[in-house]
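Peer 1: Need coordinates for the following:
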Amino acid sequence: MTDAPHPFRLLPGAPDSPVLLHVPHSSRELPPDVRDDIVLDDRELARELDHITDAHTERIAELAAGAAAAAPWRFVNRLSRLVVDPERFPDEREEMTAVGMGAVYTRTTHRAELRPDGFDARPLLDRYFHPYARAMTAAVTDRLAAVGRAVIIDVHSYPSEPLPYELHGEGPRPPVCLGTDPHHTPPALLTAARAAFEGIGGVGTDSPFAGTYVPLEHYGRDTRVSALMVEIRRDVYMKEPGGPAGPGLDALATALAELVDAAGNAG
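Peer 2: Model (predicted):
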């Protein structure tokens, strides 16, 4: 666990690309003061990070960016989601608060205690969550100003077997799950994603995870912002939980690059 002077990073793409690859859950890094507030011992914490981290998704996005005809922009979280989860609602709208996994987690993937009862989340929200949200909003606004539209592609992974924290884990778990939003996922983007990932072994929609990330300033308000979540089942490309990547990673990067190109050309 090390200091992280740059909690997130925006990596520029082609000036005329509307595509923003968002990688929010790939890191295992915890600043020392954040680690101090977590009640797990080091072995338990390492195991929790194995389960909760979307391992190697930053690498998948990096390879896809290099293979795309027009490089997408990339917004990468450099800290673990155990610091804050930038994709959660920071208020009562977040359903995962029911299992202690709102914007600041208080329970683990197995519903054990992660932070003590009564933990004050506000300092973490102020230090990490809100600056991240502002920076992501600015990145999307910049694409709107430059190109007239923005396409956010969320790059995630999920375990092959349900974990106890999942609220909707009883449904299908395809090799690739595409999360959609009724306001921000146009049919053409969903069709392009299905075509890009059809060779991976199967594509599903909104199961076991639904929805996608759009900054709140644009959410439900600006249809120039399109969004899609790509959830990759981990056994497709890595050893679970938390193990090394395998040969499936390259195929996924190629498929993601195809989606990036299709999304970039759609306008």
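Peer 1: tell me what the helix or strand harbouring M229 is packed against?
Peer 2: Element membership for M229, per DSSP states H and E: strand 225-233. Judged by 3 or more Cβ pairs under 8 Å, 6 or more residues apart in numbering; DSSP states H and E, strand 225-233 is in contact with strand 150-158, strand 176-179, helix 187-197, helix 248-265. For the C-beta atoms, the positions are set from N, CA and C on the backbone; glycine is no exception.
Peer 1: Let me have those in JSON lines, extended by mean pLDDT and distance to A61.
Peer 2: Below are the helices and strands packed on strand 225-233 laid out as JSON lines (pLDDT from 0 to 100; distance: least, Cβ to Cβ, whole Å):
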{"stretch": "strand 150-158", "mean pLDDT": "98", "distance to A61": "5"}
{"stretch": "strand 176-179", "mean pLDDT": "98", "distance to A61": "15"}
{"stretch": "helix 187-197", "mean pLDDT": "98", "distance to A61": "14"}
{"stretch": "helix 248-265", "mean pLDDT": "98", "distance to A61": "7"}
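Peer 1: Pipe those into TSV and attach distance to D222 and mean neighbour count per row.
Peer 2: Shown next, in TSV, are the helices and strands packed on strand 225-233 (distance: least, Cβ to Cβ, whole Å; neighbours: other Cβ atoms under 10 Å):
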stretch	distance to D222	mean neighbour count
strand 150-158	9	24
strand 176-179	19	24
helix 187-197	15	17
helix 248-265	17	21
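Peer 1: Nearest to R43, out of those?
Peer 2: Nearest of these to R43, taken as Cβ to Cβ: strand 150-158 at 23.0 Å.
Peer 1: Could I get the full set of strands for the stretch 1-150 of the chain?
Peer 2: 8-11, 19-23, 73-77, 150-158 (DSSP state E, counting those that start in this stretch).
Peer 1: out of the ones you listed, nearest to L144?
Peer 2: Nearest to L144, of all those, is strand 150-158, at 5.5 Å by Cβ to Cβ.
Peer 1: could you check the angle helix 248-265 makes with that closest one?
Peer 2: Put simply, strand 150-158 runs at 160 degrees to helix 248-265, going by axes from the mean of the first three to the mean of the last three Cα atoms, to 10 degrees.
Peer 1: Now do strand 150-158: which elements does it pack against?
Peer 2: Looks like strand 150-158 contacts strand 19-23, helix 57-67, helix 130-147, strand 225-233, helix 248-265 (3+ Cβ pairs under 8 Å, 6+ apart).
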